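S.K.: A predicted structure for the sequence below; I have some questions about it.
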Amino acid sequence: MSRTENLSLKIGAKMLLKPLSVELESNQLHLILGPNGAGKSTFINVLSGLARKTAGNVEIWGHNIDVEMRMARSSIGVVPQELNLDPFFTPFEAVELQAGLYGVPRSERRTDEILKSVRLIDHKHAYARALSGGMRRRLLVAKAMAHSPPVLVLDEPTAGVDVELRRQLWDTIRELNRSGTTVMLTTHYLEEAEELCDQIAIINKGRVVACEPTRKLVQRLDRKDVHLTLRELPAEIPQSLQRFETNLEPPDTIRIRFAPSKTPMPEVLAAV
């Protein structure tokens, strides 16, 4: 298990992280959700040792980042938002170098296995500059896995990418999680939260405002709106829709609001 207790970070007079406590269960897929500037990347920088916390306790895979710094940092792999690849290295060379930086002996390196898991084995000897955007993103994941960390953190890996690439990255993340890696993902896309993760922590203005299993959190948000755009609005709400919370919104929209826990979507569509 990895966890933070009352973690805070202050720079000058500005509090970037307010007392923040989060637990990451082993072998699960966790998501840190929040708007841009909420503190997600700052939180990751503290976990990975790129930023020095002001107060609190942080453990990565049971290792305190202050007391067992080397063990804590070797237990985590981080995939940054930016593409920080050397264009003259091949995927094989990039992963080999990363493993060497972490002191992994040559006999214990799993470079081919890692490249195969992110579907880059057929391009292992191509220069990074010749790879597509999706391949470069997957190469970042491979580099983060070079030293076989039990915890993998991806900082908004799908920001600014197209739908197809996003799906490819989702598949890669799921495969890594199924293989036993604890994954933490930051994003501001609600779709990723529902699609991928076992647990969601919501950060806003440097503070955790919710941290619950995904199913439980989604159930709390028990409201959906259906908007119907018509060529012409009826004079009054149709009889079949009056049992819902229905409003006419000129010039051309009917809005139906309902609770999914009480009314399934097919029932609403049948009434429409």
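M.R.: Cool, got the structure.
S.K.: which residues in this protein form helices?
M.R.: For the chain, applying DSSP state H gives helices covering 40-48, 69-74, 91-101, 111-117, 133-144, 163-178, 190-196, 214-220, 265-271.
S.K.: Show me which of those has the highest average neighbour count.
M.R.: helix 40-48 (a mean of 22; mean count of other C-beta atoms under 10 Å). For glycine as for every other residue, the C-beta is placed from the backbone atoms N, C-alpha and C.
S.K.: Quick check: pLDDT value at Tyr189.
M.R.: We have a pLDDT of 78 for Tyr189.
S.K.: what sits against it?
M.R.: By C-beta atoms under 8 Å, 6 or more residues apart in numbering, the contact set of Tyr189 is Thr158.
S.K.: That one and Phe244, how far apart?
M.R.: Remark: distance between Tyr189 and Phe244 (C-beta to C-beta, to the nearest Å) = 28 Å.
S.K.: ok, now Ser117?
M.R.: 47 Å.
S.K.: same thing with Leu29?
M.R.: 35 Å.
S.K.: Looking at the two, which has the bigger crowd around it?
M.R.: Comparing Leu29 with Phe244 by other C-beta atoms under 10 Å, the one with more neighbours is Leu29, at 22 against 19.
S.K.: does the more buried one have beta-bridge partners, and which?
M.R.: Val183 (DSSP bridges).
S.K.: Which residues are in contact with it?
M.R.: Ile173, Arg174, Asn177, Thr182, Val183, Leu185, Leu196, Cys197, Asp198, Gln199.
S.K.: and if you look at Asn6?
M.R.: Asn6 neighbours (C-beta under 8 Å, 6+ apart): Pro19, Leu20, Ser21, Ala55, Gly56, Asn57.
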